[in-house]
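Participant: fold the following for me, if possible:
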Amino acid sequence: MYTEISKNKRNSILLMLVFMMVVIALGWVFSQALGEPAIVYGATAFALIYTWISYYNSDKMALAASHARRVEKKDAPELYRLVENLAITAGLPTPKIYIIDDTAPNAFATGRDPEHAVICVTTGILQKLDKAELEGVIAHELSHVGNYDIRFMSLVVVLVAIIALMSDWFLRFTFWGGGDNDRDRGNGQLQMILMAAGIILAILAPIIGTLMQLALSRKREYLADASGALLTRHPAGLASALRKISDDAEPLEAANKATANLYIVNPFRANVKVGRDARRWFANLYSTHPPIDERIKRLEEMNTHA
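Facilitator: The predicted structure follows:
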């Protein structure tokens, strides 16, 4: 687990470098295709500003979008003690605690690092889970904090969002006839090639970026399950919690597509329950979370070998 934490910190730095290279490369191709050299400078400046704003405000945006309210120890003493005790066990600062007034059971963690972390739970999860199950959920979310998943995935989300915005902007600009058409024949042919390459990149880049984001998100969920189970020494508690949350029929009204990947269980899970193996594989490819059955199976195997 310590290796994974160190890897996440290194990957965050590597991700930023790769991210800037991708943005600059896309900006260069788009600028050459449209005959506007200044685009690459604008894209780089936009990426830096957008990343800085998102990095320091992603938690606030997620909490605002979820209509979450902060609670202190006097407001929810049992929940606060549970989070505090598990944080001490994990060697982490006690995170801020937020509650979403929604009867659907779910929870998420956010924030850029352990010192600025937030644990957010719904009223439904407090009502429907027993203590061992709730401990498993909180341990899972604290594992996201301790493993620096919240920082890493925030950067991934920003990367994908910027690439999608740049691609959308390029396609719209191309559609409306943007670019410098006053070129000699040789340069005109090169520009046409770059224009075709730019259109292909603009279409494929957001798709590839999204698939990478979803794959990374699923991997982090498996790791948080394992870390959380080790923290409580009770994998069965988290397995039971995942089963209850997954089987609950109430929709999580506070969730949206932008925040779905944060939750311990996909709040839109009903949309990916399909029958055939090929269809299930395709649905899981575009899912923010691993299949619940597989997560429970891994936890039960941990419990068997404990």
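
Participant: now the strands for the chain?
Facilitator: Under the criterion DSSP state E, the chain carries strands at the ranges 69-71, 96-100, 107-110, 118-122.

Participant: redo these as a markdown table? Include distance to G237, mean pLDDT and mean neighbour count.
Facilitator: To be clear about C-beta, it is placed using only N, CA and C from the backbone, and glycine gets the same treatment. Conversion of the strands of the chain to a markdown table gives the following (distance: least, Cβ to Cβ, whole Å; pLDDT from 0 to 100; neighbours: other Cβ atoms under 10 Å):
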| stretch | distance to G237 | mean pLDDT | mean neighbour count |
| --- | --- | --- | --- |
| strand 69-71 | 23 | 96 | 13 |
| strand 96-100 | 20 | 97 | 21 |
| strand 107-110 | 14 | 94 | 27 |
| strand 118-122 | 15 | 96 | 26 |
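
Participant: with distance to K128 as extra columns, can I get those in TSV?
Facilitator: What follows is the strands of the chain, written out as TSV (distance: least, Cβ to Cβ, whole Å):
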stretch	distance to K128
strand 69-71	18
strand 96-100	14
strand 107-110	12
strand 118-122	9
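
Participant: of all those strands, which one is nearest T44?
Facilitator: strand 107-110 (27.3 Å; Cβ to Cβ).

Participant: pull the longest helix from the protein.
Facilitator: Within the chain, and with DSSP state H defining each element, the longest helix by residue count is helix 185-232.

Participant: state the mean pLDDT of it.
Facilitator: Taken as a whole, helix 185-232 has an average pLDDT of 78.

Participant: by contact count, what packs against it?
Facilitator: Other helices and strands packing on helix 185-232, by 3 or more Cβ pairs under 8 Å, 6 or more residues apart in numbering; DSSP states H and E, are helix 2-34, helix 77-90, helix 131-146, helix 149-175, helix 235-247, helix 292-305.

Participant: about what we covered before: so which of the strands of the chain gets nearest A45?
Facilitator: Nearest of these to A45, taken as Cβ to Cβ: strand 107-110 at 26.8 Å.

Participant: which other helices and strands contact the closest one?
Facilitator: Applying 3+ Cβ pairs under 8 Å, 6+ apart, one finds that strand 107-110 contacts helix 38-65, strand 118-122, helix 131-146, helix 149-175.

Participant: residues making contact with it?
Facilitator: Applying Cβ atoms under 8 Å, 6 or more residues apart in numbering, the set of residues contacting strand 107-110 from outside is 58-59, 62-63, 95, 117-122, 125, 137-138, 141-142, 144-145, 149-150, 154, 259, 262-264.

Participant: now do 7 Å
Facilitator: Among residues not part of strand 107-110, those counted as contacts by Cβ atoms under 7 Å, 6 or more residues apart in numbering are 58-59, 62, 117-122, 125, 137, 141, 144-145, 150, 262-264.
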